[in-house]
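Novice: predicted model follows, preceded by the sequence.
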Amino acid sequence: MNEQETLSNTADDPIEAFLDMLFLEQGLSDNTIAAYRNDLEKFSKFVGDQLEVKHLFEVTVADIEAYLAYRVDQGLKSRSTARSVSALKRFYLYWVNEKQIAESPMINIAQPKTIQSLPKTLTEQEVEALLAAPDVEDAMGLRDKAMLELLYATGLRVTELVGLRMEQINLRQAVVLVRGKGGKERLVPMGEESLRWVEQFLKIGRPQMVKHANDFVFVSKRGIGMTRQTFWHRIKLYAMLADVKSPLSPHTLRHAFATHLLNHGADLRVVQMMLGHSDLSTTQIYTHVASERLKSLHQQHHPRA
């Protein structure tokens with residue numbers, strides 16, 4: 001197959017060809033690629049159904065503006081639209097570089113302004129109550145205790161936590177080798193408390209749960225690797241048992257980890273490295289959370305607040 005035929009075939013389904021490039025050349029995660037696919041397919045459906053555009057390479061600036069206006073009319077969040085614009089910019093830039101189109105229709109499209117929402121977090125007292133909720137006399141409860149302690153001590157993403165393999169944990173040095181987004185690796189200290197519970201689980205709980213040889217650190221009740229959904233259900237159970245009323249998300253303990261570190265004087269760049277953020281600006285949101293907490297305490301306790 002010659003080069004011209006290859007280009008013709010990829011142009012027949014430009015979204016799939018673009019997603020293949022993201023996976024093969026840039027190593028983006030399945031979740032990230034799925035988000036790109038979702039944004040691009042929604043756009044493709046709109047311009048095809050509403051504007052009768054036959055091919056994405058025929059899209060004009062006016063078509064893009066019509067799509068953005070449609071999203072506003074639908075009441076879609078600015079953050080979601082900003083992500084969609086970013087996907088389209090990257091998509092069309094790729095095809096310009098591949099010489100399939102002369103110019104990107106996104107070239108003069110500004111990124112929508114987004115209101116940066118503060119991540120949901122927990123107070124230190126709520127975290128303590130949550131960590132105390134599992135029944136450590138039971139193998140599954142001991143597993144959950146070790147997972148919650150490790151999550152709060154390290155700030156791992158839930159997907160990173162459930163995917164941990166035995167080779168990634170060094171008990172002697174009390175560190176975890178985390179394989180994060182885009183295949184990036186980072187070393188994160190475990191802390192004495194989480195180290196103690198992880199050791200206890202590996203010694204007592206895990207041998208009771210493992211039925212087939214595997215190297216996952218944390219296993220399900222069937223003795224195989226856990227899903228993040230399973231662990232998320234466990235977190236919600238313990239939040240109910242601990243009477244934690246604050247809103248929860250799968251990243252709540254990760255947010256609490258970062259916020260509480262900053263509240264106690266940790267350096268922002270150290271927190272950035274531990275969280276695995278490539279950009280410091282992503283980590284800076286937690287300084288706002290910490291300052292909001294200080295304002296709340298000031299208003300609550302200062303006589304002249």
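Specialist: Looks like it arrived, so ask away. Predicted model only: the values in this text are computed from it and were never measured.

Novice: care to break the protein down by domain?
Specialist: 3-97, 124-301 (automatic domain parsing).

Novice: and those domains: which comes nearest residue 109?
Specialist: Of all those, it is domain 3-97 that lies closest to residue 109, at 5.6 Å by Cβ to Cβ. Where C-beta positions appear, they are placed from N, C-alpha and C, glycine not excepted.

Novice: least confident of the domains of the chain, on average?
Specialist: Mean pLDDT across the domains of the chain is lowest at domain 124-301; the value there is a mean of 79.

Novice: residue contacts, the residue nearest to residue 123 when sequence neighbours are not counted?
Specialist: In space, and not counting its chain neighbours, residue 123 is closest to residue 246: 7.5 Å by Cβ to Cβ, 6 or more residues apart in numbering. Going by Cβ atoms under 8 Å, 6 or more residues apart in numbering, residue 246 touches 120, 121, 122, 123, 126, 252.

Novice: kindly reformat the domains of the chain as JSON lines containing distance to residue 104.
Specialist: Output for the domains of the chain, formatted as JSON lines (distance: least, Cβ to Cβ, whole Å):
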{"stretch": "domain 3-97", "distance to residue 104": "4"}
{"stretch": "domain 124-301", "distance to residue 104": "24"}
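
Novice: does residue 66 lie in a helix or a strand, and which?
Specialist: Using DSSP states H and E, residue 66 falls within helix 61-73.

Novice: output that helix as CSV, restricted to C-alpha atoms.
Specialist: In CSV, the C-alpha atoms belonging to helix 61-73 read as follows (Å, rounded to 0.1, in the frame of the first residue of the first chain):
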residue,chain,number,x,y,z
VAL,A,61,-15.0,28.3,11.4
ALA,A,62,-18.7,29.1,11.1
ASP,A,63,-19.5,25.4,11.8
ILE,A,64,-17.3,25.5,14.9
GLU,A,65,-19.0,28.7,16.2
ALA,A,66,-22.5,27.1,15.5
TYR,A,67,-21.4,24.1,17.6
LEU,A,68,-20.2,26.3,20.5
ALA,A,69,-23.4,28.3,20.4
TYR,A,70,-25.4,25.0,20.5
ARG,A,71,-23.5,23.9,23.6
VAL,A,72,-24.3,27.2,25.3
ASP,A,73,-28.0,26.8,24.4
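
Novice: which strands and helices sit next to it?
Specialist: The elements that helix 61-73 packs onto, with contact taken as 3 or more Cβ pairs under 8 Å, 6 or more residues apart in numbering; DSSP states H and E, are helix 30-49, helix 78-97.

Novice: which residue ranges of this structure form strands?
Specialist: Here the chain has its strands, by DSSP state E, at 169-170, 175-179, 185-189.

Novice: next, the angle strand 185-189 makes with the second one.
Specialist: By that I understand strand 175-179. 150 degrees (axes from the mean of the first three to the mean of the last three Cα atoms, to 10 degrees).

Novice: strand partners (parallel or antiparallel) of strand 175-179?
Specialist: The sheet places strand 175-179 alongside strand 169-170 (antiparallel), strand 185-189 (antiparallel), with pairing taken from DSSP bridges.

Novice: which of those sits closest to residue 221?
Specialist: strand 169-170 (21.1 Å).

Novice: roughly how far apart are the residue nearest to residue 14 when sequence neighbours are not counted and residue 12?
Specialist: Leaving aside its sequence neighbours, residue 14 sits nearest to residue 56 (Cβ to Cβ, 6+ apart; 5.4 Å). According to Cβ to Cβ, to the nearest Å, residue 56 and residue 12 sit 11 Å apart.

Novice: looking at those two now, which is surrounded by more residues?
Specialist: Using other Cβ atoms under 10 Å, the more surrounded residue of residue 56 and residue 12 is residue 56, with 24 against 10.

Novice: mind listing what that one touches?
Specialist: By Cβ under 8 Å, 6+ apart, the neighbours of residue 56 are 14, 15, 44, 47.

Novice: got it, and residue 217?
Specialist: 164, 165, 166, 168, 169, 198, 202, 206 are the contacts of residue 217 under Cβ under 8 Å, 6+ apart.

Novice: what's it sitting at in phi/psi?
Specialist: phi -70, psi -50 (degrees, to the nearest 10).

Novice: for the one 10 residues further on, same thing?
Specialist: Geometry field for residue 227 lists phi and psi as phi -100, psi 160, criterion degrees, to the nearest 10.
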